[in-house]
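Enquirer: only geometry, no sequence info:
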């Protein structure tokens, strides 16, 4: 499919997905691409008047199942949104903000903050009192939970003191692993470290990190502290986010490029996903691992096919998309749109009409009159043809007159000749 900035949906995309997007203006939206009539309709799950525009969404994560979503913001409040009731069931106030990642196990919610503090809260406790378990440094970029062993969380950040660390939250935040930097370079200078995102690769022992300094590394906690495989480039490729599944690592860059790496041979990337015009802020996979959803600062949410790299779905979000989640829909997506969704669609259509009217008002009248009075190419051709016909007609008339004159002269000569013979 060709690159375009318009909303599009491939006819080959038939999956029943629900997409949840958090934006830089604090809005939280839902998309249903499987809707036949309105596949690009977006519904704001919260009243826009109740949202602080400075309270951007900084983290999204499912709870113990996909029926609830935790929403972390630039401020200290965290919301637990229930997908059954379609409203906020609980609001939690943490001691620090912004939140950069969530983890949930048993009845506890774990949140990592940008200042390096990891906090834990009992969801059954009505007092909402949080406890600070550990400090992983002073500048945390992301916190991820292990999908196979939910007691483990990994953190990464900027600087050597904030490198990759793994903690066991069931044992009061015990540190079970910390990474070690690569050896010094040929000038005996320390290699710069910035783990902008971390992730587990289908195992509690194998992890991957990506960096704003242009490297992707893979660690095995059972073998050594240094990375077992590494991809690095001298090109200006700054990785901002990643997600891992099976033998592949999918990364997004700040330059609007998405790459896939094979952990069995990480000398170069194996896939490139196109269609982006802005920095990629978040990537995630669906439950099958076949569809890759991404949020971008160019205000679009996209879905690519993992193997064919084809862009299947693209929709304009109206705000800079910062976080995205995807899940299989449990509803009948062919049902009629709700009233709120219909209102959103009407707002989009009315805004499009206003834009068209504004464009029409901005037209230069003198410039348009110039083009209206200008002779078209067809008219010039017709005029030229008529001139040619006129000229050819005049030539024909002249030739006819000349022929008649010659004929009359011949007859006069014959008459004179007869008269002379008779004499």
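Expert: Okay, I see it. Remember, it's a predicted structure, so these values are computed and weren't measured experimentally.

Enquirer: What is the neighbour count of residue 304?
Expert: Number of residues near residue 304 (other C-beta atoms under 10 Å) recorded here: 24. All C-beta atoms are positioned from the backbone trio N, CA, C, and that covers glycine.

Enquirer: A strand includes it, no?
Expert: Yes. Assignment of residue 304 by DSSP: H, G, I helix; E, B strand; the rest coil places it within a strand.

Enquirer: I figured it was touching residue 273, is that so?
Expert: Yes. Contact criterion C-beta atoms under 8 Å: residue 304 and residue 273 qualify, at 4.8 Å.

Enquirer: Tell me the residues that contact both of the two, please.
Expert: Common contact partners of residue 304 and residue 273 (C-beta atoms under 8 Å, 6 or more residues apart in numbering): 258, 292, 294, 311.

Enquirer: Which pLDDT value belongs to residue 125?
Expert: Looking at residue 125, its pLDDT is 71.

Enquirer: Tell me how far it lies from residue 71.
Expert: Distance from residue 125 to residue 71, counting by C-beta to C-beta, to the nearest Å: 20 Å.

Enquirer: Looking at the two, which is more packed in?
Expert: Counted by other C-beta under 10 Å, residue 125 and residue 71 do not tie: residue 71 has more neighbours, with 25 against 11.

Enquirer: Could you tell me which residues make contact with the more buried one?
Expert: 22, 28, 57, 59, 60, 78, 79, 80, 81.

Enquirer: TSV please, covering the residues you listed and showing neighbour count, pLDDT and secondary structure.
Expert: What follows is the contacts of residue 71, written out as TSV (neighbours: other C-beta atoms under 10 Å; pLDDT from 0 to 100; DSSP: H, G, I helix; E, B strand; the rest coil):
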residue	neighbour count	pLDDT	secondary structure
22	28	95	strand
28	22	94	strand
57	28	93	strand
59	22	94	strand
60	24	94	strand
78	24	89	strand
79	18	90	strand
80	17	91	strand
81	21	92	strand
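
Enquirer: so who does the closest residue to residue 273 other than its chain neighbours touch?
Expert: In space, and not counting its chain neighbours, residue 273 is closest to residue 258: 4.0 Å by C-beta to C-beta, 6 or more residues apart in numbering. Contact analysis of residue 258 by C-beta under 8 Å, 6+ apart lists 250, 251, 252, 272, 273, 276, 280, 283, 292, 294, 304.

Enquirer: Just give me the closest of those residues to residue 208.
Expert: residue 251 (8.8 Å; C-beta to C-beta).

Enquirer: wait, doesn't the closest one sit right on residue 239?
Expert: Yes. If you go by C-beta under 8 Å, residue 251 and residue 239 touch, sitting 5.0 Å apart.

Enquirer: Mind listing the shared neighbours of these two?
Expert: 210, 216.

Enquirer: so where's the stretch 51-200 of the chain uncertain?
Expert: Where the stretch 51-200 of the chain drops to pLDDT under 70, the residues are 126-129.

Enquirer: can you map out the helices along it?
Expert: Applying DSSP state H, counting those that start in this stretch to the stretch 51-200 of the chain gives no helices.

Enquirer: Pipe the contacts of residue 71 into TSV and attach distance to residue 171 per row.
Expert: Shown next, in TSV, are the contacts of residue 71 (distance: C-beta to C-beta, whole Å):
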residue	distance to residue 171
22	32
28	34
57	31
59	24
60	27
78	24
79	29
80	25
81	30
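
Enquirer: Pick the one among the residues you listed closest to residue 226.
Expert: Proximity of the contacts of residue 71 to residue 226 (C-beta to C-beta) peaks at residue 59, which lies at 29.1 Å.

Enquirer: what's the spacing between the residue nearest to residue 273 and residue 239?
Expert: Noted for residue 258: a distance of 10 Å to residue 239, by C-beta to C-beta.

Enquirer: got it, and residue 181?
Expert: Taking C-beta to C-beta, one finds residue 181 at 17 Å from residue 239.

Enquirer: Could you check which of these two is surrounded by more residues?
Expert: When neighbours are counted by other C-beta under 10 Å, residue 181 and residue 239 differ, and residue 239 comes out ahead with 27 against 14.

Enquirer: Does the more buried one touch residue 214 like I think?
Expert: Yes. Between residue 239 and residue 214 there is a contact under C-beta under 8 Å: 7.0 Å.

Enquirer: Show me the contact partners of stretch 192-199.
Expert: Identification of contacts with stretch 192-199 by C-beta under 8 Å, 6+ apart yields 141-144, 154-160, 162-164, 181, 207-213, 239-244, 249.

Enquirer: quick one: buried residues of it?
Expert: Using 16 or more other C-beta atoms under 10 Å as the test for burial, stretch 192-199 gives 193, 194, 195, 196, 197, 198, 199.

Enquirer: how about those residues in CSV, adding distance to residue 104?
Expert: Formatted as CSV, these follow (distance: C-beta to C-beta, whole Å):
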residue, distance to residue 104
193, 28
194, 27
195, 22
196, 23
197, 19
198, 17
199, 17
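
Enquirer: List just the nearest of the contacts of residue 71 to residue 224.
Expert: Relative to residue 224, and with distances defined as C-beta to C-beta, the nearest of those is residue 59, at 30.7 Å.

Enquirer: roughly how far apart are the residue lying closest to the closest one once chain neighbours are set aside and residue 48?
Expert: Nearest non-adjacent residue to residue 59, counting by C-beta to C-beta, 6+ apart: residue 72, 3.3 Å away. According to C-beta to C-beta, residue 72 stands 19 Å off from residue 48.

Enquirer: what sits in contact with each of residue 258 and residue 239?
Expert: 251, 252.

Enquirer: In contact with the residue nearest to residue 81 when sequence neighbours are not counted: list those residues for me.
Expert: Nearest in space to residue 81, with sequence neighbours left out and distances taken as C-beta to C-beta, 6+ apart, is residue 69 at 4.7 Å. Contacts for residue 69 (C-beta under 8 Å, 6+ apart) come out as 20, 60, 61, 62, 63, 80, 81, 83, 325.

Enquirer: Can you get me the start-to-end distance on stretch 275-289?
Expert: Using C-alpha to C-alpha, to the nearest Å, one end of stretch 275-289 lies 20 Å from the other.
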